[in-house]
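Engineer: Here's a sequence, model it:
(chains A, B, C, D, E and F)
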Protein chains: 4
Amino acid sequence: MGITERKKRDFEHREQVILGASLNLFDCDEWLSVTVDQIADAAEIGKGTIYKHFSSKEEIYAKLTLDFYYGLLEQLERIDQNRSSISILGDIFKVALHYHLSQPEFRRVTQYCKRIDFKKNHSEEICNAFEKLDSRFRNLVGDILSTGMEKNEIPRTNVRQLYYCMKTCFDGSVDTVWTGYSGLEKVDIDEYIKIITQFMVAGVLGLGDLENNQIAKVYLN
Amino acid sequence: MGITERKKRDFEHREQVILGASLNLFDCDEWLSVTVDQIADAAEIGKGTIYKHFSSKEEIYAKLTLDFYYGLLEQLERIDQNRSSISILGDIFKVALHYHLSQPEFRRVTQYCKRIDFKKNHSEEICNAFEKLDSRFRNLVGDILSTGMEKNEIPRTNVRQLYYCMKTCFDGSVDTVWTGYSGLEKVDIDEYIKIITQFMVAGVLGLGDLENNQIAKVYLN
Amino acid sequence: MGITERKKRDFEHREQVILGASLNLFDCDEWLSVTVDQIADAAEIGKGTIYKHFSSKEEIYAKLTLDFYYGLLEQLERIDQNRSSISILGDIFKVALHYHLSQPEFRRVTQYCKRIDFKKNHSEEICNAFEKLDSRFRNLVGDILSTGMEKNEIPRTNVRQLYYCMKTCFDGSVDTVWTGYSGLEKVDIDEYIKIITQFMVAGVLGLGDLENNQIAKVYLN
Amino acid sequence: MGITERKKRDFEHREQVILGASLNLFDCDEWLSVTVDQIADAAEIGKGTIYKHFSSKEEIYAKLTLDFYYGLLEQLERIDQNRSSISILGDIFKVALHYHLSQPEFRRVTQYCKRIDFKKNHSEEICNAFEKLDSRFRNLVGDILSTGMEKNEIPRTNVRQLYYCMKTCFDGSVDTVWTGYSGLEKVDIDEYIKIITQFMVAGVLGLGDLENNQIAKVYLN
DNA sequence: GATGAATGAGCGTTCATTCAT
DNA sequence: CATGAATGAACGCTCATTCAT
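Structural biologist: Numbering: from 1, shown residues only, chains lettered A, B, ... in the order given. So this is what the prediction gives:
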């Protein structure tokens, strides 16, 4: 390995060091008042170096959040697809929620970056990354839904709409597990994950069939 | 009306003026950099006067958010309860989402105040107000679910769990309508509200009955 | 007593109430950040009323300090003058220092008001009051010194100079007893008062006679 | 001289520049309302830079005062010790008072920093510095007194007590020369310094011998 | 490329004082 | 005369970002 190559590796490695140091410092309620100085100290590098890797402090927030979701996607894409669509969707929920729970240190920064105004105030590169992320999720779940309908495992209905319903349910459940994280016992959360997954499954199965349901019919009309 | 009484009225009115002026200024992506000076100017009062009504700038955020939710509760509590539980729940969703959509100027500040770390850094009074709000929502929906089960309109299951499922779905859908607000056409959102409401209804009806569902059974085992 | 007269009395009484309330609040290290609001609350009157009695917050400081010194003068003027001048001077020291010690709550404000720049930034009335105070002290002690020299109890020398020496010693000892107040035991301070009084007496007796002192002679030449 | 070394030198030098600029601005009765902005402008540096050297505005006051006293100690320690103790003590007074007179620009800030409540509201570092200063003065004078007693130049008595008497006299005389500075003619002050020094000498010589003095005896009994 | 000293715009907050009632 | 709500100038301090070395 030549000197140039090693330098490049060092450089790339440093980005992870900065993100790691930041994440550590961000794991407290006062995380918003963590300074760039503190991050530089924790990462054991000069303050100026941080700006060689990130164009602003907010970009650190964004990159952390993106990395978190990249990790999630990786886990979701590894889920065994050779089962019924419902099983797959159920596992996606379970895996995703456990993924969130296993990394509570991302709670604050991820919640912060979800805000509309946060996303809007960023470089095109970051904006694109967030959008690409969305589309990868959309495709992942969309494909499962399409396949499920083809195989008659899921009542046929508008895929895009069904995807939005699942996403809605998913976003809400992330909020719930993370917001409740410090207050609830582990057992409650595990149970919650089980139930919300079932709720989602029931929704997916029921949505296309609602007109056949006696009780719902009244409401729909 | 005595002089003292008028003064008191004026004083109380001014709180609304401040909140109104703030809300106007907060309706843009750069809302976080709106200064207290700007708010005072917009409200046509002295800066010091603001601090007679709010102990800090963040308390303005909190009060706006609380007021928004008070308004929501008021609307929800006005919903006609003399119908099937499913119809009532469906209306709650519809009314709530339309309420959010009709006041997009609250989007940013409300999203901002939902963060865990925001809630923790506040006076006991504010914290209590947020908690009380939660409990009013919980009771409102909880009562409907209980009644629904008694009347066999909803499959019997754990009310608390079912409430969390609905809340999950609701929180997620608020995110969706608000985040998507500026990008989507009105028609899409109206359709979304219809579908997500149905999804929720399907979830509520299906959750307690999942073991009778052929497809879901496979997943559950 | 007529109504007008009573009103006048009430009004005059209120000045003392304000000063008393202020003094209470000023008896802590953070005394400089006590606000006019706090004083008004403690005095159980409206904030505006304070400004009917004092033209500014600093005037409260000044009035408190003046009152303190008026009280001191009163005590000093009550000292029995029918004894040797040395005894009288010694008593003045003792009485004055005990007076300071017995009212430590005046420490901070009095020290604060002694500053050159404080005295300069005041109304003519206040400035005059401080000057008049100085001159009353000067006369009190000056007369004793003059009488003492006439009665040959004190070596003849320049009275004004001797007065300044005594004042010097006195100012310094006030600093010492007040600064040391919280650190020293009561017994130390009582002993200190005894010793410093003797030192002053020795100075008064020795100053006019220094050329007759073998050791001092060397220094003087 | 390497680049790093020069940078360090520049940095250290800037502290003096800030202190110098502050001192200039502080030489007027309104000195307390000099702002950090004004100091930065006068020092021709950015406001933030000031906070790289001083943790607060009050620390500037403290550092100025400390520097002033360091300079005094340096002068006092340079006084020729090969003479009678009385001569040395006399010189200490003279040198110290002239030192104060020669730098009247320190008057206000030094007087301000002497206040009890000022000293209490500071970092441990600053508090220690003030204490260390006290102890250096105490040792300097204490040693001279001890030696003087050994050589029978000063009547034997309690050294600590005698030190406090001298310090008392010294503190008071500093007040006098500085307070009077702007009002008195130069000649008066020079005379005052001569007289107060003699008074102090008389006190030191007389304190231990007071019971042999006919006039004082009456007072003591 | 790495550094970290310098920067200075910017902001929230305070509080003595005023004055209409 | 008493009040206390309104005021707004004033200020200390922060900290993300830059850039000369």
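
Engineer: which residue packs closest to the residue positioned nearest the centre of chain A, ignoring adjacent ones?
Structural biologist: When Cα atoms, centre = their mean is applied to chain A, the residue found nearest the centroid is A:Y69 (4.4 Å). Closest residue to A:Y69 apart from its sequence neighbours, by Cβ to Cβ, 6 or more residues apart in numbering or on different chains: A:L133 at 5.3 Å. To be clear about C-beta, it is placed using only N, CA and C from the backbone, and glycine gets the same treatment.

Engineer: Now name the helix or strand holding that neighbour.
Structural biologist: Using DSSP states H and E, A:L133 maps to helix A:124-150.

Engineer: Buried ones in that helix, by neighbour count?
Structural biologist: Buried residues in helix A:124-150, counted by 16 or more other Cβ atoms under 10 Å in any protein chain shown: A:I126, A:A129, A:F130, A:L133, A:F137, A:L140, A:V141, A:G142, A:I144, A:L145, A:G148, A:M149.

Engineer: With respect to B:K194, which of the residues you listed is nearest?
Structural biologist: Here the nearest of the buried residues of helix A:124-150 to B:K194, counting by Cβ to Cβ, is A:L145; it sits at 18.6 Å.

Engineer: In contact with the closest one, which residues are there?
Structural biologist: Going by Cβ atoms under 8 Å, 6 or more residues apart in numbering or on different chains, A:L145 touches A:S85, A:L89, A:I154, A:V159, A:L162, A:Y163, A:M166, A:V204.

Engineer: Please tell me how far the residue nearest to A:Y69 sits from A:I18.
Structural biologist: When Cβ to Cβ, to the nearest Å is the yardstick, A:L133 and A:I18 sit 21 Å from each other.

Engineer: helix or strand right after the helix or strand A:T49 falls within?
Structural biologist: Element membership of A:T49 [criterion: DSSP H and E] is helix A:47-53. As assigned by DSSP H and E, the chain's next helix or strand after helix A:47-53 is helix A:57-77.

Engineer: now the angle from that following helix to helix A:124-150?
Structural biologist: Helix A:57-77 and helix A:124-150 are oriented at 20 degrees to each other (axes from the mean of the first three to the mean of the last three Cα atoms, to 10 degrees).

Engineer: Need the pLDDT of the nearest residue to A:E77 once chain neighbours are set aside.
Structural biologist: Using Cβ to Cβ, 6+ apart and skipping the chain neighbours, the partner closest in space to A:E77 is A:L140 (6.8 Å). Predicted confidence (pLDDT) for A:L140: 93.

Engineer: mind listing what A:L140 touches?
Structural biologist: Here A:L140 is in contact with A:L73, A:L76, A:E77, A:I92 (Cβ under 8 Å, 6+ apart).

Engineer: Count the residues that sit near the spatially closest residue to A:I116 that is not a sequence neighbour.
Structural biologist: Leaving aside its sequence neighbours, A:I116 sits nearest to B:T179 (Cβ to Cβ, 6+ apart; 5.8 Å). Neighbourhood size, B:T179 [other Cβ atoms under 10 Å in any protein chain shown]: 17.
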